[in-house]
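Asks: my questions are about this predicted structure, shown below with the sequence.
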Amino acid sequence: MKLKSVGIIGTGSALPERIMTNYDLEKIVETSHEWILSRTGIEERRIADEKTTTSDLAYEASLKAMEMAGTSPEELDLIIVATITPDMVFPATACILQDRLGARNAAAFDLEAACSGFLYGVTTAQQFIATGHYKKVLVIGGEIMSKIVDFTDRSTCVLFGDGAGAVVMGEVEEGFGILSTDLGSKGEGGKYLYQPAGGSLEPASEESVRNRRHFIKMGGGEVFKFAVRIMGESSARVIEKAGLELEDVDYLVPHQANTRIIEAAAKRIKLPMSRVKVNLNRYGNMSAASIPVALDEAVRAGEIKKGDHVVLVGFGGGLTWGAALIKW
Ligand code: UT7
């Protein structure tokens, strides 16, 4: 069977209006603008209001992506929402979104691979379209990280922000679209980035709430070391798998966790920072939403043009990683 070429045919993003600066955080925890900026590159992040849910941001981002793709809700065959902050444990946020969009012909499920979730979603969608099983798939990375961040823990609360990014995927001209992908996991590193309570291991209880077990816990140094290595390695792997050379790459859209991690990835594939998308100064780390929001900004700003070889790469809890090389 000849596989179809699969690409991203529309992008969209949504961000809450409220801005929380590093100076605002100085009033909440023992930190400083200088520390946050020099260690991470983050200056401010968006924080959703109490009532806003992940599906609200996903809905807004999806409408924009579908408009760009010229795709109606009825045409969607599948909706995948990558998130670690679903509206609720179940039903899936993807089902909530399907109802809201009126995508009555779409199957829908959530996918959890933390910050790598969007790339896991894109790779999953690619399989369905390449085989001809589905024609149009909506993939979203959406998070309200502020609801699982402990605003008494300075080692994590300064890092994260809220947002959503969406893409519509479909068949593209032969030779274009996704040329290669790379997904992986390293489960033994799960202990470095996790939310202990709320699952079957430690269901919600008065004690779990009292001990702040429903918030993110992170061994930042360990995650940092893993990220620096894997972002470069995985990027190099998709370039090689696609049969390309480092100099063929035009643009990099990395997960937005830390400028130092992004710089290390760019250096590994010998790409100048002028060809790397960085927006974490404005949004912080939005987990699964970081890559699709950055991609949408780059596409709408004309930083990515038809024919460009674009590498998307991310890492996150699990531990997990993912990369894709796309001929735009
Ligand atoms: O999407 C995946 C999510 N996770 C990540 O991407 C995390 C990856 N890791 C990182 O980005 C970095 O490890 C951090 C930014 C989290 C930390 O940077 P670092 O250079 O590794 O700092 P550190 O953890 O070694 O901490 C240095 C010092 C410590 O003080 P002592 O022990 O040296 O006295 C911390 O207590 O900085 C202190 N510190 C802070 N100080 C001011 C930690 N957080 C803060 C803070 N403000 N917010």
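Replies: That came through fine.

Asks: relative to residue 224, how far out is the closest residue to residue 228 other than its chain neighbours?
Replies: Distance criterion C-beta to C-beta, 6 or more residues apart in numbering; nearest residue to residue 228, sequence neighbours excluded, is residue 264 at 4.5 Å. Every residue, glycine included, has its C-beta placed from N, CA and C. In this structure, residue 264 lies at 10 Å from residue 224, with C-beta to C-beta, to the nearest Å as the measure.

Asks: how about the residues of the stretch 151-300 of the chain near the ligand?
Replies: With C-beta under 6 Å from any ligand atom as the criterion, the stretch 151-300 of the chain meets the ligand at residues 154-155, 158, 193, 218, 220-221, 223-224, 227, 257-258, 285.

Asks: give me the most central residue, this structure.
Replies: Within the chain, the residue whose C-alpha comes closest to the C-alpha centroid is residue 288; the distance, by C-alpha atoms, centre = their mean, is 2.6 Å.

Asks: enumerate every residue touching that residue.
Replies: 82-84, 113-118, 141-143, 316 (C-beta atoms under 8 Å, 6 or more residues apart in numbering).

Asks: filter those residues by proximity to the ligand?
Replies: 115, 316.

Asks: would you reformat the contacts of residue 288 as JSON lines and include neighbour count, secondary structure and pLDDT?
Replies: Supplementary listing: those in JSON lines, determined by neighbours: other C-beta atoms under 10 Å; DSSP: H, G, I helix; E, B strand; the rest coil; pLDDT from 0 to 100:
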{"residue": "82", "neighbour count": "32", "secondary structure": "strand", "pLDDT": "98"}
{"residue": "83", "neighbour count": "30", "secondary structure": "coil", "pLDDT": "98"}
{"residue": "84", "neighbour count": "23", "secondary structure": "coil", "pLDDT": "98"}
{"residue": "113", "neighbour count": "26", "secondary structure": "coil", "pLDDT": "98"}
{"residue": "114", "neighbour count": "24", "secondary structure": "helix", "pLDDT": "97"}
{"residue": "115", "neighbour count": "32", "secondary structure": "helix", "pLDDT": "98"}
{"residue": "116", "neighbour count": "32", "secondary structure": "helix", "pLDDT": "98"}
{"residue": "117", "neighbour count": "32", "secondary structure": "helix", "pLDDT": "98"}
{"residue": "118", "neighbour count": "35", "secondary structure": "helix", "pLDDT": "98"}
{"residue": "141", "neighbour count": "36", "secondary structure": "strand", "pLDDT": "98"}
{"residue": "142", "neighbour count": "39", "secondary structure": "strand", "pLDDT": "98"}
{"residue": "143", "neighbour count": "31", "secondary structure": "strand", "pLDDT": "98"}
{"residue": "316", "neighbour count": "27", "secondary structure": "strand", "pLDDT": "97"}
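
Asks: look up phi and psi at residue 137.
Replies: phi -130, psi 130 (degrees, to the nearest 10).

Asks: cool, and the one 10 residues further on?
Replies: Dihedral pair for residue 147: phi -80, psi -10, per degrees, to the nearest 10.

Asks: for it, which non-adjacent residue is closest in space?
Replies: residue 85 (6.0 Å).

Asks: okay, that neighbour: pLDDT?
Replies: The model reports residue 85 with a pLDDT of 98.

Asks: my guess is it contacts residue 144. True?
Replies: Yes. Residue 85 lies in contact with residue 144 (C-beta atoms under 8 Å); the separation is 4.8 Å.

Asks: looking at these two, which is more packed in?
Replies: Under the neighbour definition other C-beta atoms under 10 Å, residue 85 and residue 144 were set side by side, and residue 144 has more, 30 against 22.

Asks: got a list of what the more buried one touches?
Replies: Under the criterion of C-beta under 8 Å, 6+ apart, the contact partners of residue 144 comprise 48, 52-54, 57, 85, 162.

Asks: so what's the gap between the longest helix seen in the chain and the chain middle?
Replies: Ordering each helix of the chain by length in residues (DSSP state H) puts helix 220-241 first. From the chain centre to the centre of helix 220-241 is a distance of 16 Å (C-alpha atoms, centre = their mean, to the nearest Å).

Asks: and for stretch 25-36?
Replies: In this view, stretch 25-36 has its centroid 25 Å away from the chain centroid, taken as C-alpha atoms, centre = their mean.

Asks: which parts of that stretch are buried?
Replies: 25-26, 31, 33, 36 (16 or more other C-beta atoms under 10 Å).

Asks: give me the nearest residue to the residue of the stretch 1-150 of the chain found nearest the ligand, chain neighbours excluded.
Replies: Nearest residue of the stretch 1-150 of the chain to the ligand: residue 31, at 3.3 Å (C-beta to the nearest ligand atom). Of all residues not flanking residue 31 in the chain, residue 154 sits nearest, at 4.9 Å (C-beta to C-beta, 6+ apart).

Asks: wait, that neighbour sits on residue 36?
Replies: No. Residue 154 is not in contact with residue 36 according to C-beta under 8 Å; the separation is 9.3 Å.

Asks: how much space separates residue 326 from residue 239?
Replies: Residue 326 sits 12 Å away from residue 239 when distances are taken as C-beta to C-beta.
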